[in-house]
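any chance you can model this:
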Amino acid sequence: MISCSKIYKSFGQLPVLKGIDFKAEAAEVVGIMGASGAGKSTLLQILGTLMLPDSGNVVIDGTDVFALKGDALSDFRNRKIGFVFQFHHLLPEFTALENVMMPALITRAGGCRGEQVRSGEQIRRDAVQLLEEMGLKARLDHKPSELSGGEQQRVAIARAIINRPAVLFADEPSGNLDSKTKEEIHNLFFELRKRYRQTIIIVTHDKELAQRCDRVVEMKDGLFV
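Numbers count the residues shown, from 1 in each chain. Below is the predicted model:
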């Protein structure tokens, strides 16, 4: 599902990634660990097409992603990739339901490349179903400021998978949560893998979460060790 080779990235004179090779299979959950500054988040952003490497290539679901340009790359990212971050990044002026619907509405507005376009009503039904599956049936019309941290993260996860992406990237997804809520979020990732067969790549410092992954790789000084 994911294959990258010889990924190099520097910021100014500082080399951050020094020739990374990485693969992940379909429906595999891979944890990436390492000290702060090891290059984990930079690698995740490159794998997720949010950042360009200085050199190297990334193939996701058979597509050489950096051969795509402009709207084609944005379209691929929106359809094939989901992101979950530590700080949610929900849009504060929109409700939970509207936040979840947003990526699917963007896909619909931009047209569809070889896939059936969902109607606005179908997108709404799909978003409601996701939020209900995550225990947020009573929170559909609440704005982020009216939700707890765990509820906000569940909304962010629902938003990440509304387009049924092939790959889900998560960067410290439970880093801001209390122990009970953290365990619930961890459980949710593995429920999603079981239900949707997504490949999930998780950057984490949490050893309990790492132990549940199919495989863990450790980064140090811009390389896997």
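
I'd assumed Met51 was in a strand, is it?
No. Assigned with DSSP: H, G, I helix; E, B strand; the rest coil, Met51 falls outside any strand and is coil.

I figured it hits Ser41, correct?
No. Met51 lies out of contact with Ser41 (CB atoms under 8 Å); the separation is 9.6 Å. C-beta coordinates here come from the backbone N, C-alpha and C atoms, glycine included.

more crowded one of these two?
Using other CB atoms under 10 Å as the criterion, Met51 and Ser41 rank with Ser41 on top: 18 against 13.

tell me the secondary structure for the residue nearest the centre of the chain?
The C-alpha lying nearest the average C-alpha coordinate of the chain belongs to Phe83 (CA atoms, centre = their mean; 2.3 Å). Here Phe83 is recorded as strand under three-state DSSP.

what pairs with it across the strands?
Phe169 (DSSP bridges).

could you check how far it is from Glu218?
Distance of Phe83 to Glu218, given as CB to CB, to the nearest Å: 22 Å.

quick one: residues in contact with the biggest helix by length in the chain.
Scanning the chain for the helix with the most residues, using DSSP state H, yields helix 179-196. Helix 179-196 is contacted from outside by 27, 29, 134, 148-150, 153-154, 157, 161, 164, 168, 170, 173-174, 177, 198, 200, 202, 206, 208-209, 212, using CB atoms under 8 Å, 6 or more residues apart in numbering.

stretch 65-75 too?
For stretch 65-75, the external contacting residues (CB under 8 Å, 6+ apart) are Thr49, Leu52, Pro53, Asn57, Val58, Val59, Phe76, Thr107, Gly110, Arg113.

after the worst-scoring helix or strand of the chain on mean pLDDT comes which helix or strand?
Scoring the helices and strands of the chain by mean pLDDT, DSSP states H and E places helix 179-196 at the bottom, with a mean of 83. Downstream of helix 179-196, the next assigned helix or strand under DSSP states H and E is strand 199-203.
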